[in-house]
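Engineer: The sequence and its predicted three-dimensional model are supplied below.
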Amino acid sequence: MKMNGRIVTSLVMTLVFTLFVIQALSFRHEAAVMPLLVGLPGLVLSLVQLFIEMRASAARADDPPVASTREVTIMLWITGFTLGVIGFGFVLGAPLLLAAYLYFVAAERLPVAALGGLLCLAVMAGLERLLNIPLFEGLAFHYLF
Amino acid sequence: MNRILALTASLILLALGSIQQAGAQSNLFDGKTITYIVATKPGGGYDTMGRLVARFLEKHLPGSRVIVKNVPGAAHLIGAKMINSADADGLTIGTFNTGLISWQLTATETDGLDLARMSWIGKAASEKRVLVVSAKSGLNSLDDLRKPDHKVKMAASGKGAASYQETRMLTRAFGLNLEIIPGYEGTEAELAMLRGEIEAYVGSESSLKPFIANGNGKIILEIGGQADSPNPQASAHARDDTAKAIIDFIATQAQLSRLTAGPPGIPADQLKALREAYMAALADPELVAEAEKLELPIAPASGDAVAERVRAAFDQPPATLALLKELLQEE
Amino acid sequence: MLDSSLSSLFGILFSPHMMMLMTLGVLVGLFFGIMPGLGGKLGIIFLIPFVFGMDPIPGAVFLLAMHSVVHTSGAIPSILFGIPGTGPDAATIVDGYPMTRKGEAGRALGATLCASGIGGVIGAVFLSLLLPSVEPIVLAFSPAEFFLLAVLGITFIAALSGDSLVKGLIVGLFGLIIATVGLDPVSGQDRYTFGQLFLWDGIDPVTAVIAIFAIPEMVALALRGNLTAGRSETSYSMSDVVRGCIDVFRHWFLTLRTSLIGAFIGLIPGLGGDVASWLCYGHAVQSSKTPERFGKGAVEGVIAPETANNSKEGGALLPTLYFGIPGSSGMAILLGAFVMLGIQPGPGFAAGKSDVVWALIWTLAIANILAVLLLLAMAPWLSRIAGLRTGLLIPFVIALSLLGSYLGAGAWQNFMLFLGLGALGWLFKKYDWPRPPFVIGIVLGPIAENSFHKAMALWGPAFLLRPLSLVLLAIIAATLVLYIIRARREAVAT
C-alpha cells in the first residue's frame, strides 16, 4: 500500500483520538465522561475514514507526495519564524526575521525588506512603549541577561 | 570657637549626608523599569487593583516606570511562580490570590514556590468572606442549614477553588447539611440564586454587595470581619477548637487580600524602599478616591505584617494542619 | 417615554462635546478591533484611567461607543488575511477569506460593514424594547438549557460539514476533545496537561483558531508561485464595496433573523460572543437552499456572523443593566467602569434613570452607524493593504498571528501549539477536511460539559423534561430531520 496525504491525515486523527481515549481511561469518573463521550465516536469515525481513504488509494494509480518541496520550505520558514520569536521576542526577533523572509524567500529588494522590518519594529515598539503592553521578550533574553 | 565651628560643620555635613542618603533611598529605582505581574487575565478585581497599585507605585518611586504584565492561568499559580523565580532585584513584583496558601498546604510538588519565603511588600485589602442565602430559598439562619431533612444546594466554582474549599470547611466547622454543585464561575452563582436552582453561596463580601443591596439575598455569616460589623461573625459561632482553627484559617486568607510580593531574597534596602512606596501609594488620597469609585475596599498593611501572618498560617499545631489538609484535599 | 427618548437623542446629536467623545470612542474601538488579540475588553481597561473623573453620561457614552464597534473592524483582518481581529470574528473567516481569494474582498468588506451596522442598530432596538420585561427571559435559561443550546450548536456541525459528513464530525469531535484539555472545573482533575502549567486553563481558543486558519492560508498563498511580481487579486474598487452593502439588503430576511438571534444569545448570560456568531453562521448554512456554497465564499456566510457580533452587544447589556450582573467578562469590565462613573445598574435602574438608559441605547445605535461611515471612508486605503504583494503579506500575517495569540493568552508556550495545530490545519485544508466544526467544538465544548454536570447534579436526567428543554430538543430534532431530508434529496439528484 502506498502512503498519501489523505491516508496520513486520517492516520493522524486516528492516532490523536487513540491517545486522548487511552489517557481518559485513567481519569476520575466525572472527568472522564466528556473525553470518552467525544473520543470514542471520534476514534471510530477516524477508523472509518482511514478505511475509506485506503480503499480509494488502492483504486488510484499515482498519488502526489504528502507535501511538495515548496510547501515544506514555507512551513519550515513559518516554524523558523515562530522559533525566532520564541528565542528573541517580538521587538527584536520578529522584525529581523520578517526582513530576512522578505529578502531571502520573497526575493524583495533590500530596501523593501528593510522597510518591512522597520514597519514591524514600529508596530511592536509602539505597542510596548505607547500603549504600555509588555510583549514577550524572548527566551534568549531571559536566560542570557 | 573652633570647636563650635567644627561641630556646626559636622552637623551640616551629617544633615547633608542624611538628605543625600534619603535621596538615594528613593532613587534606588530611578531610571529603572519595574514589571508588575498580575496573575489573572485583564479585567476583574485583581487586575483593576493591580493596575491601580502599579500606577501609584510609579508615582511614589520617583524616576521609575512600572508596567503591568498579565500572566494568567492555573488559578494564579503561573503568575505566582513567575514572580517567585524572577531575579531578586526588586524589578519584578506582582499580585496573586491568597488562596495559594491553601494550595501550598496540600501541594505535593511546589516547584520551589514557598510563600513563607517570598519578599512581601504589602496587602491592599481585606476581602471579608460571607455566606449568602438567596431570598428565594426561604432560609434565614445558620440553623436552617443544619436541618437533616434538607440538603441545601450550594454553588462553587470548582473543586480546589476558594468557594468550594470554604464551603467544605464551614460544613465541618458548624455541622451543616450542604450539597455543593461545582461549575459556577464568576457571577453565574448569583444568577443561579436568582433562578432558584441554588440556595446559598460563599463569596467575597464586596462582590456580593450589589446582589444583597438589590434584595436578592442576605448574609447569614461573615468571616474575617471586625467586631463592629453588622453581620453575624463566624468566630462567634465557633464553639470548639476545630471550628476555631478552621475559621481562623479562612480569616487569614480573607484578611490578606490583594497582596503584592516579590521573589525571595530582595536586598533589604530595595525591599524597604518598595514597602515604603507601597504604603505611601495606598495612603495617597488620589488612589483612595479612585478605589472608592471602583468599589474596591482598601485596608492596607505593610509587608512585614503580611510576612508574619503568612508564616503563622503554615506554623500551626500538627493536628490542625492535618485537619486543614484533609478538608482542602479533593476527595 | 418617547419624550425622554427623543430629548436624550437630541442631547447627544446636538452636543459637539458628546459627538466628539463618541467619534473618539468609535475610532479607538475600531483600532482595538482591527489589531488581532486586543479587543474591546482590553480597550476599556486601557481607557479607564482616562474616563476617571468624567461625568457619568459622557463617560459611559465614550466607553460604550468604543466597546460596541470592535467587531465592525475586527472582521477586516478576518476577511483580508484570514486571521480574526477578535475571537467572535473568527466565523467571518470561513466565507470572508475565500471571498478575498476569489477577488471579492471589496464585496466582503461592504457586506461586513453594512451587516455590522444593521446588526448593531437592531441590537439597540432589541435593548430598548426588552429592557422593562427582561427578567423572566433571562431567568428561564438554566444549565439544562445551556447544555441543550450547546448541543444545538454542535448539531449544526452536521449542516456545516459540506461534502463529507464523516470528516466534518471527526473535526467537530476533535474540537470538542481539545476543549477538555486543562483543569476539569467539576472534579479538579488535570486532563492532558502533561505537567504544563499553561495548559491548566485549557488550550487557548484564539491561538487554536488562528493556527488552524492562518497557517494553511499562508502556505496556500505562498504556493501560488509568482511571489516576486504582480499584485494579488485582493485589490478592489469602491463599487465592489457598494455591491457588498447591497447584498445585505438583498438578504434582508437573513440579516434580520441573525441580528435577532445574536441579540437573543447576547441576552443569555454566560454563553458569550463566539457562540452567537457561530450559531448564526450555522443558521445561515442550515437555512440556505444551496448550503454547498458555504465555506467557498458565500456572502451570507459573512453577513450572518457579522450581524450577530454587533447585535449581541445590545442583548448583553440587558442583564448587565437590569440585574447588575454581567453576562460576559467584557460586560463585567464595562459594568465595573460604569460603577466607577457613578452608574449603578440594578432592577430599579431601567425605570429610575431613564436618561442614562436612553443615552446608552442611542449610543449603541449611533456608534454603530458612525463606525460604518468611518470605515467606508477608509475603504480605499484598506484596499491598498489588501492589494499588497502576497510575498510581503505572508510574514506580516504570521507576525500578527503570533502577536494575537500572545496578547490574548500571554504565554509563549502557545506558539508551539500554534505550530502543531497549524500543521494539522494545513492537512485539513489540503485534503478537504472542513475546519469550522473544530471552532464550534472548541467554543461550545466547555459550556456543554460544565452545564451537563450541573444539570445532572441539580435535576438528574429529568432535566431534559423542563419545558424550555423540550422546545430546544424539538429544534434539535427538526434540524437533524431537515438535514437528513436534504442529504437524501441531494443523493437522489446526483
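Structural biologist: Good, I have the coordinates.
Engineer: For the closest residue to chain B within chain A, what is the enclosing helix or strand?
Structural biologist: Residue of chain A nearest chain B, by Cβ to the nearest Cβ: residue A:134 (4.4 Å). Bear in mind the C-beta positions are built from the backbone N, C-alpha and C, glycine included. Assigned by DSSP states H and E, residue A:134 belongs to neither a helix nor a strand.
Engineer: For it, the count of nearby residues, please.
Structural biologist: 18 (other Cβ atoms under 10 Å in any protein chain shown).
Engineer: Now do the contacts for it.
Structural biologist: Applying Cβ atoms under 8 Å, 6 or more residues apart in numbering or on different chains, we find residue A:134 in contact with A:128, B:35, B:67, B:68, B:69.
Engineer: shaky segments in the chain?
Structural biologist: Answering for chain A, as no chain was given. For chain A, residues meeting the criterion pLDDT under 70 lie at A:1-2, A:61-63, A:142, A:144-145.
Engineer: right idea, wrong chain: chain B
Structural biologist: B:1-26, B:330-331.
Engineer: Chain A contacts on that one?
Structural biologist: Near chain A, the residues belonging to chain B are B:35, B:67, B:68, B:69 when assessed by Cβ under 8 Å from any Cβ of the partner chain.
Engineer: for the third one, what are its contacts?
Structural biologist: For residue B:68, the set of contacting residues under the criterion of Cβ under 8 Å, 6+ apart consists of A:132, A:134, B:36, B:37, B:38, B:47, B:50, B:51, B:54.
Engineer: related to what we said a few turns ago, quick one: buried ones out of the contacts of residue A:134?
Structural biologist: Among these, the ones that count as buried by 16 or more other Cβ atoms under 10 Å in any protein chain shown are A:128, B:35, B:68, B:69.
Engineer: got those residues as CSV, with secondary structure columns?
Structural biologist: Shown next, in CSV, are those (DSSP: H, G, I helix; E, B strand; the rest coil):
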residue, secondary structure
A:128, helix
B:35, strand
B:68, strand
B:69, strand
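Engineer: ok, so of those residues, who is nearest residue B:238?
Structural biologist: Comparing those against residue B:238 with Cβ to Cβ picks out residue B:68 as the nearest, at 39.3 Å.
Engineer: measure the closest one to residue B:271 for me?
Structural biologist: Residue B:68 sits 20 Å away from residue B:271, going by Cβ to Cβ, to the nearest Å.
Engineer: what's the answer for residue B:137, then?
Structural biologist: According to Cβ to Cβ, residue B:137 and residue B:271 sit 48 Å apart.
Engineer: now do residue B:285
Structural biologist: Counting by Cβ to Cβ, the gap from residue B:285 to residue B:271 is 26 Å.
Engineer: So for these two, which sits in the more crowded spot?
Structural biologist: More crowded of residue B:285 and residue B:271, by other Cβ under 10 Å: residue B:271, with 20 against 7.
Engineer: element containing the more buried one?
Structural biologist: Using DSSP H and E, residue B:271 maps to helix B:268-283.
Engineer: In space, what's closest to the residue in chain B that chain A sits nearest to - neighbours in sequence excluded?
Structural biologist: Closest residue of chain B to chain A, Cβ to the nearest Cβ: residue B:69 (4.4 Å). Of all residues not flanking residue B:69 in the chain, residue A:134 sits nearest, at 4.4 Å (Cβ to Cβ, 6 or more residues apart in numbering or on different chains).
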